[in-house]
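K.L.:
Here is the input, now give the coordinates:
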Amino acid sequence: MSADLGTRRDDAVAALRRVAFLLERSQASSYRSEAFRTAAAAVEKVAPDRLDALVAGSSLTDLTGVGARTAEVVALAWRGRPVPYLVGLEEELAALPEPDADAAELRVALRGDLHAHTEASDGSTPIQEMVLAALELGHEYLAITDHSPRLTVANGLSAPRLRAQIAQVSALNAAIDPFVVLTGIECDILDDGSLDQDPDLLDELDVVVASVHSKLRMDRAAMTRRMVAAVSNPRTDVLGHCTGRRLTGKQRPQSEFDPHAVFDACAEHGVAVEINCRPDRLDPPHELLAIAVAAGCVFSIDTDSHAPGQLDWQLTGATRAVAHGITPDRVVNSWPVADLRAWTRGNTPDRR
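P.N.:
Below you'll find the model as predicted:
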């Protein structure tokens, strides 16, 4: 195998992954991005000499997982030619309005993302694909926060499955240092405010995001008690998408609770309020975000990503944060990983 052929294969795989990333970022239908990721995985496994023969014979579609569109991308990238489909997606990205300077500065200050899902629950890719995208975005760390057991619709992780993931992350970290994959979970807040996972297992994790996913129309007083109990739990680090609202697709109104009580409890117990960057969430709403700021809360600007390209949504959260005067020192995922881990372990750095 010549080094040149190996490089050509790498270029073809990179082009496929870049197309998938840009489709995910733009909220295209998931089947489109998954087709390119499936093709990338297939092409990556093929010996370069064989791939050369397939390109020369216009028979790339003989590979399982490679269709006509993805074969065209591979062939063009293999030959070092522009890929029109990819060029068009890059042009769409370049045509987006320039971000606010303060928001762009805050986005650059973010060292990682504390809310991301993989195929282990309801994400679309393995951990490795999420990590690769995070590296390309310039992150220093990424928390993997798949769902907890009660959320069966999202294939939530049982305790044994979560332990297996912890071991997988440990092995991965040994190979990708200095980048750090943080162990974590998006833990359901149960009806009584308790957390949906073995407490001893939660103690082993780097990051616990606690979120309400059920009975979102609960009575205001009961929901307030439920959320206050959750953020008062010393194992909770981040309060995820606090209102549970959905703005697009199958829309859902926000939950009703006393925001002063909930955010005061977050401030008292050192729990970060998540500024969720998903276009279908944008949670908290601006009026509640203002209350959290006034309460003295810290924040985490997270993408709640379910695919690699969605990790690039943080600018949306940064824009919402600067509108409320939130500076990097109040955003926990702008901190170095050692300080972040000290904070989640209860040894909060004095940053305010």
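
K.L.:
Run through the stretch 251-352 of the chain and note the low-pLDDT ranges.
P.N.:
In the predicted model of the stretch 251-352 of the chain, residues 347-352 satisfy pLDDT under 70.

K.L.:
In the chain, which helix is the longest?
P.N.:
With secondary structure taken from DSSP state H, the chain has its longest helix at helix 3-25.

K.L.:
Quick check: which ranges of the stretch 51-200 of the chain have low pLDDT?
P.N.:
Short version for the stretch 51-200 of the chain, where the test is pLDDT under 70: none.

K.L.:
residue boundaries of the strands in it?
P.N.:
Assigned by DSSP state E, counting those that start in this stretch, the strands in the stretch 51-200 of the chain fall at 112-113, 141-144, 180-188.

K.L.:
Those into a markdown table, with extra columns for mean neighbour count and distance to Val153?
P.N.:
(Each C-beta comes from the backbone N, C-alpha and C, glycine too.) As requested, these are exported to a markdown table (neighbours: other C-beta atoms under 10 Å; distance: least, C-beta to C-beta, whole Å):
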| stretch | mean neighbour count | distance to Val153 |
| --- | --- | --- |
| strand 112-113 | 30 | 23 |
| strand 141-144 | 27 | 19 |
| strand 180-188 | 26 | 11 |
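
K.L.:
Reformat those as JSON lines; add distance to Asp100.
P.N.:
Shown next, in JSON lines, are those (distance: least, C-beta to C-beta, whole Å):
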{"stretch": "strand 112-113", "distance to Asp100": "20"}
{"stretch": "strand 141-144", "distance to Asp100": "25"}
{"stretch": "strand 180-188", "distance to Asp100": "29"}
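
K.L.:
So for Leu16, which of those sits nearest?
P.N.:
Between Leu16 and the strands of the stretch 51-200 of the chain, the tightest spacing by C-beta to C-beta is seen for strand 141-144, at 21.6 Å.

K.L.:
For the closest one, which helices and strands make contact with it?
P.N.:
With contacts defined as 3 or more C-beta pairs under 8 Å, 6 or more residues apart in numbering; DSSP states H and E, the packing partners of strand 141-144 are strand 112-113, helix 127-136, strand 180-188.

K.L.:
got JSON lines for those, with distance to Val298 too?
P.N.:
Listed next are these as JSON lines, based on distance: least, C-beta to C-beta, whole Å:
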{"stretch": "strand 112-113", "distance to Val298": "15"}
{"stretch": "helix 127-136", "distance to Val298": "22"}
{"stretch": "strand 180-188", "distance to Val298": "17"}
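
K.L.:
Any idea which of the ones you listed gets closest to Glu92?
P.N.:
helix 127-136 (18.3 Å).

K.L.:
now the angle between helix 3-25 and the closest one, please.
P.N.:
90 degrees (axes from the mean of the first three to the mean of the last three C-alpha atoms, to 10 degrees).

K.L.:
Work out the gap between helix 127-136 and the centre of the chain.
P.N.:
Helix 127-136 has its C-alpha centroid displaced from the chain centroid by 10 Å (C-alpha atoms, centre = their mean, to the nearest Å).

K.L.:
Can you tell me which helices and strands that helix packs against?
P.N.:
Going by 3+ C-beta pairs under 8 Å, 6+ apart, helix 127-136 lies up against helix 3-25, strand 141-144, helix 159-176.

K.L.:
Go again with 6 Å.
P.N.:
Packed against helix 127-136 by the contact rule (3 or more C-beta pairs under 6 Å, 6 or more residues apart in numbering; DSSP states H and E) you find no helix or strand.

K.L.:
Return the set of buried residues in that helix.
P.N.:
Ile127, Glu129, Met130, Val131, Leu132, Ala133, Ala134 (16 or more other C-beta atoms under 10 Å).

K.L.:
count of neighbours near Asp100?
P.N.:
15 (other C-beta atoms under 10 Å).

K.L.:
Next, work out how far apart it and Gly317 are.
P.N.:
According to C-beta to C-beta, to the nearest Å, Asp100 stands 13 Å off from Gly317.

K.L.:
picking up where we left off before, can you check which of the strands of the stretch 51-200 of the chain gets nearest to His286?
P.N.:
Nearest to His286, of these and by C-beta to C-beta, is strand 112-113 at 21.9 Å.

K.L.:
Pro82: neighbour count?
P.N.:
Pro82 - counted by other C-beta under 10 Å - has 9 other residues nearby.

K.L.:
same thing with Gly57?
P.N.:
Gly57: 9 neighbours (other C-beta under 10 Å).

K.L.:
For it, list the residues it contacts.
P.N.:
The contact partners of Gly57, by C-beta atoms under 6 Å, 6 or more residues apart in numbering, come to none.

K.L.:
And it, how far from Asp10?
P.N.:
On the measure of C-beta to C-beta, Gly57 and Asp10 end up 21 Å apart.

K.L.:
follow-up on the earlier one: which single one of the buried residues of helix 127-136 is nearest to Val169?
P.N.:
Nearest member of those to Val169, counting by C-beta to C-beta, is Ile127, at 7.1 Å.

K.L.:
got the residue ranges for the helices in this protein?
P.N.:
3-25, 30-44, 48-56, 68-78, 84-94, 101-109, 127-136, 159-176, 199-204, 220-232, 259-269, 286-294, 314-322, 337-344.

K.L.:
what does the third one contact?
P.N.:
Applying C-beta under 6 Å, 6+ apart, the set of residues contacting helix 48-56 from outside is Met1, Leu5, Gly6, Arg9, Leu60, Ala75, Trp78.

K.L.:
Which among those count as buried?
P.N.:
Leu5, Arg9, Leu60, Ala75, Trp78.

K.L.:
quick one: the third one and Ala71 touch, right?
P.N.:
Put plainly, it is Leu60. Yes - judged on C-beta atoms under 6 Å, Leu60 makes contact with Ala71 at a distance of 3.8 Å.
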